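>>> Whatever this is, show me its structure:
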Amino acid sequence: TDNSKTGVKTASTTSSVAKVTVNSLTNAEAPAISGQPEDRTASVGGTADLSVTATAGGTLSYQWYSNTENSTADGTPLAGETHASFSAPTNMVGTTHYYVV
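Model prediction:
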């Protein structure tokens, strides 16, 4: 374009076309647990390490829960306990149930 009043010439060019394909969401592969946490008995101040072994086609994440009942429902998530292993507290006498999702 020539703007004869100001003496300024402008030019433009166009890029090539970029194709964007959006696929539908698919469910991730369900992990397989090959090693379940096992029951532990410990003295006050002792060690009660729990662990799970799982595999999947992608990256796994973990969240450990505690429960007063022997159940995997309605447990309380344990803050920061997001690894395949967990050291259960042994500072008080009693029974607590743990599981990992």
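
>>> Contact partners for Ala48?
Residues near Ala48 by Cβ atoms under 8 Å, 6 or more residues apart in numbering: 40-42, 87-90. For glycine as for every other residue, the C-beta is placed from the backbone atoms N, C-alpha and C.

>>> just these now: which is nearest Ser16?
Nearest to Ser16 among these, counting by Cβ to Cβ, is Ser87 at 57.2 Å.

>>> Just give the closest residue to the closest one, not the sequence neighbours.
The shortest distance from Ser87 to any non-neighbouring residue, by Cβ to Cβ, 6 or more residues apart in numbering, is to Asp49 (5.3 Å).

>>> neighbours around that neighbour, how many?
For Asp49, the tally of surrounding residues (other Cβ atoms under 10 Å) stands at 12.

>>> quick one: pLDDT of it?
At Asp49, the predicted lDDT confidence score is 96.

>>> In this structure it contacts Arg40, no?
Yes: between Asp49 and Arg40 there is a contact under Cβ atoms under 8 Å: 7.3 Å.

>>> Spit out the residues that contact these two alike.
Counting by Cβ under 8 Å, 6+ apart, the residues touching both Asp49 and Arg40 are Ala88.

>>> hmm, back to that, which one of the contacts of Ala48 is nearest Val100?
Set against Val100, the nearest of the contacts of Ala48 by Cβ to Cβ is Ala88 (11.6 Å).
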